[in-house]
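[1] Fold the following.
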Amino acid sequence: MQLDNLQTIAIQAVKESGAIQREWLGKEKKIEFKGEINLVTEVDKRCEERIIEIIREAFPEHNILTEETPMPEGSSPYRWIIDPLDGTTNYAHGYPCFCTSVALELEGEICLGVIYDPLLDELFTAQQGKGAFLNGERIAVSKTERLTNALICTGFPYDLRESPENNVNHFNNFIMEARAVRRDGSAALDLCYVAAGRFDGFWELKLYAWDVAAGKLIVEEAGGRVTDFSGGDLDIYGQETLASNGRIHEEMVRVLERGR
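    Numbering: from 1, shown residues only. As a prediction, the model looks like this:
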């Protein structure tokens, strides 16, 4: 199956999801809680329903892994990995940093990633081996050579109040080593910003596959590096995500090792 055809469907899905997000932004909406600080809105569900509908119409036999609705797996080697609204807390508060993320996994490898920011109308895309793009223009990671000159970003897990593995120690270490650290609340966009050279590096604990699958490929296709905290191969179903321009990666690994 041609990746271009698959990407066309992914782009349609994220664009229609983005249209729903724009329509409902700032309007009163139902908010539920998956945890004390983990929100889900009716917009998450509307976006998810539309994305699933688009994929099912085009590829009814494909598997789908999505944040809000568990779905049974069939025998297809294709699995779509979907975050219908990454940055739900931001969205619920009207903070303009959120997106839709769609990736395609084929026999354990991410071969396609698409992430769309509807407010900035920024579409990040990547196909395995073909580079990364922002609105059709090729992008590349930054050339920053030292962590001391780097702008990096992170996030905190939803169980930070209950678990000692809450990233606070790593955050404290990095603010003393990097030029600056940001925390914007959308891991998918953070990864895109690493790919585009806006951030030099990113780390976070306890993300899910739908948070990182598309962004991982986009960073790698932009010339960056994505691993676990030790610099080993990233498991998108694992607990640790470290992404960088590659040049500051080993320095970031050393800082993370200090916090273990």
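[2] Just give the closest residue to Ala196, not the sequence neighbours.
    Ile139 (4.7 Å; Cβ to Cβ, 6 or more residues apart in numbering). (C-beta placed from N, C-alpha, C; glycine too.)
[3] list the contacts for that neighbour?
    124, 132-133, 195-197, 222 (Cβ atoms under 8 Å, 6 or more residues apart in numbering).
[4] and Asp228, how many residues sit next to it?
    Asp228 has 17 neighbouring residues, counting by other Cβ atoms under 10 Å.
[5] I'd like to know how far Ile81 sits from Ile236.
    According to Cβ to Cβ, to the nearest Å, Ile81 stands 8 Å off from Ile236.
[6] These two: which is more packed in?
    Higher neighbour count among Ile81 and Ile236: Ile81, with 25 against 22, using other Cβ under 10 Å.
[7] Contacts only, for the residue nearest the centre of the chain.
    By Cα atoms, centre = their mean, the chain has its centre lying nearest to Ala188, at 2.1 Å. Going by Cβ under 8 Å, 6+ apart, Ala188 touches 83, 86-87, 99, 101, 115, 211-212, 214-215.
[8] out of those, which are inside strands?
    Residues of these located in strands (DSSP state E): 83, 86, 99, 101, 115.
[9] Would you quantify the distance from the fourth one to Gln2?
    Between Ser101 and Gln2 the computed distance is 22 Å (Cβ to Cβ).
[10] the more surrounded of the two?
    Remark: of Ser101 and Gln2, Ser101 carries more neighbours, 33 against 7, as counted by other Cβ under 10 Å.
[11] picking that back up, dihedrals phi and psi, the residue nearest to Ala196?
    phi -120, psi 160 (degrees, to the nearest 10).
[12] Kindly state the pLDDT recorded for it?
    What the model reports as pLDDT for Ile139 is 98.
[13] now it: how far from Asn167?
    With Cβ to Cβ as the criterion, Ile139 and Asn167 are 27 Å apart.
[14] again with Arg161
    12 Å.
[15] Between these two, point out the one with more neighbours.
    Asn167 (20 against 11).
[16] all strands of the stretch 151-260 of the chain, in order?
    151-154, 180-182, 201-205, 225-227, 240-244 (DSSP state E, counting those that start in this stretch).
[17] how about those in CSV, adding mean neighbour count?
    Formatted as CSV, the strands of the stretch 151-260 of the chain follow (neighbours: other Cβ atoms under 10 Å):
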stretch, mean neighbour count
strand 151-154, 23
strand 180-182, 15
strand 201-205, 26
strand 225-227, 22
strand 240-244, 25
